[in-house]
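[1] Sequence plus predicted model, see below.
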Amino acid sequence: GGGIGGLTLAVALANVHDIQVDMYEAAQQFNEIGAGVGMWFRTWKIMKTLGLKEDLTNIAVTPPDERKIFEFRKAGEAVGQSFHDLVVPFGVLFMHRADFQQVLAKRINAECTHFSRRLVNYTYRLSLRGKEIVLHFSDGSQATCDILVGADGIKSATRSVMLSCPGEDKCNAATAGRQNSPHTDSQSEIPKGNVVWSGSVAYRHLISPDELSRRFPGHRALRSPVQYVGKNKNVIVYPVSQGRAINLVAYVYDPGQKGALFSDPWVTPVLAAELLAHFDGWEPELIALLELAKNPSRWAVHTLQPLTSYVAPQVAFLGDAAHAMMPHLGSGGGQAVEDAYVLAALLAHPHATRSTIPQILRSYDAVRVPLSQRIATNSRLIGEAYHFNSSDEAGGDEPPSGVGQASGDRLESLAVMIEEKHKELWDCDACYQSTTATELFEGFLKAAAV
Ligand SMILES: Cc1cc2nc3c(=O)[nH]c(=O)nc-3n(C[C@H](O)[C@H](O)[C@H](O)COP(=O)(O)OP(=O)(O)OC[C@H]3O[C@@H](n4cnc5c(N)ncnc54)[C@H](O)[C@@H]3O)c2cc1C
C-alpha cells in the first residue's frame, strides 16, 4: 500500500543497498484525499532524519504563533467560551495530504512502484533461497518476497489473511481459494469483530480564508487553529496549503451507534444541510465556518480493536492496518511513520539477513505494539472528553456557559486532560524507539548464538 505508512517505509529503505523494495498499490496512482493532516514534533523529527526537512517546510504551515497549537472553545450554545490554549514547546506542522504524499513519492524509485495491484492473499513456499512469500493479486498475477509489509490501511488484506491462518504451515490451506477470487471486494475481507464503527462520522471540507474574511471579518480561525467542543460533537479548523485553505473537520458522535454496522459507503458526499442540522444552536462563529462547507464529504470513523501483535512469519503490518485509531489526537499518520521508521532501522541493520527475519520482526513488535496502542487509547479518551462523555470529572453534560464554579471546574479538568494527552506528542523522542528496537534485536541475536 502506498499511503503515508508504505511510502515512508519505501523512503527510509531507498538507500539501503542490499534490500530491494517493491510497493504494490491497489489504486491506479497515488491518491490522497483533499484534506489536511497535522504533524506533531515526534513525526517531524523522523522526517528530518529522513532528509525531508526542506521539502516539507515548503509545503507546510505553522500557526501564526508557532507555539500556540489550538485555542479550545466550548461552543455548543449561542454564546461560546474559550477555555484553554494548547501551547507546546516545539509547534506543529499542518499540510495538505496530497502535498505530503507527493513529497514522499518523489523520493522513491518509480520502478519499485506497481499500481493497480490489489493484494488478495499471500502463501508460503519453499524455494532454493529458502522460505519465501508468494503474493497473489486480484488480477491473477503473483510476485514473491522475503518479507511482506502490509501497509494496506484499515481494511488490510494482509491482516485479514494473517488472522485467518494461525501459522505458516496452516496458512496455505486456510487461505486457499482467495487467489481464485479476482477483484475481491476489500470491504468483504474485513474479519468480523476486528474493525468497528466508532459511532462517529467526520464531515470534511476545505474552506476559503478569503471568503471567511468577507463573511466574518476578523474570524478567530483566521488567526489561530481552533477546536470547538460540545456534547457529542467537535469541530477542528486549521490552515493548510500555506494558508490558501482552512481544513475543517466536524465530528458527530451517536453513542447508540457505537459498534453498530455502518451499512452506507464509508466515504460519501453529502448535502451541506445535513452537516448544518447537527450544529443547530451552536455559537454563530462556528456556524459561519460550517456555512462555508458547501459540499462536504462524510467519513464513517472506524477503528481497529487492539491487536497484541503486528507480525506473523515473514510478515509485518503497519499504520492503519495495525492500529487504526480515533483521529482526535491527529496521530494515526504519525504512528504509521513511526512504525515504518523503526522497521526500516531494523531492516537496515548490518546483521539483518533472511535468517534473522524472525528476530527483526520480534523487535519491531516489542517496541511498536505498546506505544501505538497507548496513543490509540489516548486518542479515544480525549475524544470522549471533548464530547463531555468521559467517566471522570470532565464528563457528563456540557456545562453551561458562564462563570459558575461547577462549570469552571469542569472546563479546568478538561484543560488538564488536553495537556496530559497531548504531552507525549512532542515530549517523547520518537527516534529512541529505533535504538531500543536495535538493542533488542542485537540481544536476541546474542541469545540465539549462546
Ligand atoms: C478525519 C481524520 C483526520 C485525521 N487527521 C490526522 C492528522 O491530523 N494527523 C495524523 O497523523 N493522522 C490523522 N488521521 C489518521 C491518518 O489519516 C491515517 O492514520 C493514515 O492515513 C494511515 O496511513 P496508512 O498508510 O497506514 O493507510 P492508508 O492511508 O489507508 O493507505 C493504505 C494504502 O494501501 C492501499 N491498499 C489498500 N488495500 C490494498 C491491497 N489489498 N493491496 C494493495 N494496496 C492496498 C490503499 O489504496 C492506500 O493507498 C486522520 C484520520 C481521519 C479519519
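    Noted; the coordinates are in hand.

[2] Any part of the helix or strand harbouring residue 362 near the ligand?
    In the assignment (DSSP states H and E), residue 362 maps to helix 357-386. No - for helix 357-386, no contact with the ligand is found by C-beta under 6 Å from any ligand atom; the gap never falls below 9.4 Å. Using the backbone N, CA and C atoms, a C-beta is placed for each residue, glycine as well.

[3] Specify the residue ranges that define each domain of the chain.
    Residue ranges for the domains of the chain, per automatic domain parsing: 1-65+91-195+304-450, 196-303.

[4] Quick check: closest non-adjacent residue to the most centrally placed residue in the chain.
    For the chain, the residue lying nearest the average C-alpha position, counting by C-alpha atoms, centre = their mean, turns out to be residue 332 (2.2 Å). Setting aside the residues directly before and after it, residue 332 is nearest to residue 325 in space (C-beta to C-beta, 6 or more residues apart in numbering), at 5.3 Å.

[5] circling back: compare the domains of the chain and say which comes out lowest on pLDDT.
    For these, the bottom mean pLDDT is recorded on domain 1-65+91-195+304-450, which sits at a mean of 88.

[6] Can you give me the first-to-last residue distance of it?
    From its first residue to its last, domain 1-65+91-195+304-450 covers 39 Å (C-alpha to C-alpha, to the nearest Å).

[7] Equivalent analysis for stretch 146-163, please.
    End to end - C-alpha to C-alpha - stretch 146-163 spans 20 Å.

[8] Make 11 the first number, not 1, from now on.
    Understood, numbering begins at 11; the last thing we discussed is stretch 156-173.

[9] quick one: the residue nearest to residue 342 and residue 344 touch, right?
    No - judged on C-beta atoms under 8 Å, residue 335 makes no contact with residue 344 at a distance of 10.6 Å.

[10] residues from the chain in reach of the ligand?
    So the chain meets the ligand at 11-16, 34-37, 47-48, 128-129, 161-163, 167, 196, 212, 259, 309, 311, 329-331, 337, 340-344, 346 (C-beta under 6 Å from any ligand atom).

[11] Mind checking which of those residues are in helices?
    14-16, 167, 330-331, 342-344, 346 (DSSP state H).

[12] Centre of the chain to stretch 315-324, how far?
    17 Å (C-alpha atoms, centre = their mean, to the nearest Å).

[13] The ones in helices among the residues of the chain next to the ligand, buried ones only, as a ChimeraX selection?
    A single ChimeraX command selects the buried members of these (16 or more other C-beta atoms under 10 Å):
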select :14,15,16,167,330,331,342,343,344,346
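
[14] Next, give me the two most distant ones among the ones in helices among the residues of the chain next to the ligand.
    167 and 344 (23.8 Å; C-beta to C-beta).

[15] top strand in this structure by residue count?
    strand 205-217 (DSSP state E).

[16] Show me which positions of stretch 349-368 end up buried.
    Buried-residue list, stretch 349-368, by 16+ other C-beta under 10 Å: 349-359, 362, 366-367.

[17] repeat for stretch 77-86
    78-86.

[18] Also stretch 60-71?
    In terms of neighbour count (16+ other C-beta under 10 Å), stretch 60-71 has its buried residues at 60, 62, 65-66, 69-71.

[19] who touches it?
    18, 21-22, 49, 54, 57, 103-106, 109-110, 113-114, 116-117, 248-253, 351 (C-beta atoms under 8 Å, 6 or more residues apart in numbering).

[20] Residue of the stretch 111-260 of the chain closest to the ligand, please.
    Across the stretch 111-260 of the chain, the shortest distance to the ligand (C-beta to the nearest ligand atom) belongs to residue 163, at 2.7 Å.

[21] Would you check that that residue makes contact with residue 329?
    Yes - with contact defined as C-beta under 8 Å, residue 163 reaches residue 329; the gap is 7.1 Å.

[22] Show me where the stretch 311-460 of the chain has its strands.
    Here the stretch 311-460 of the chain has its strands, by DSSP state E, counting those that start in this stretch, at 321-322, 325-327.

[23] ok, now the stretch 111-260 of the chain?
    With strands called from DSSP E, counting those that start in this stretch, the stretch 111-260 of the chain shows them at 123-124, 129-137, 140-147, 152-155, 158-160, 205-217, 236-240, 243-250, 255-263.

[24] elements contacting the shortest one?
    The contact analysis (3 or more C-beta pairs under 8 Å, 6 or more residues apart in numbering; DSSP states H and E) places strand 123-124 against strand 33-34.
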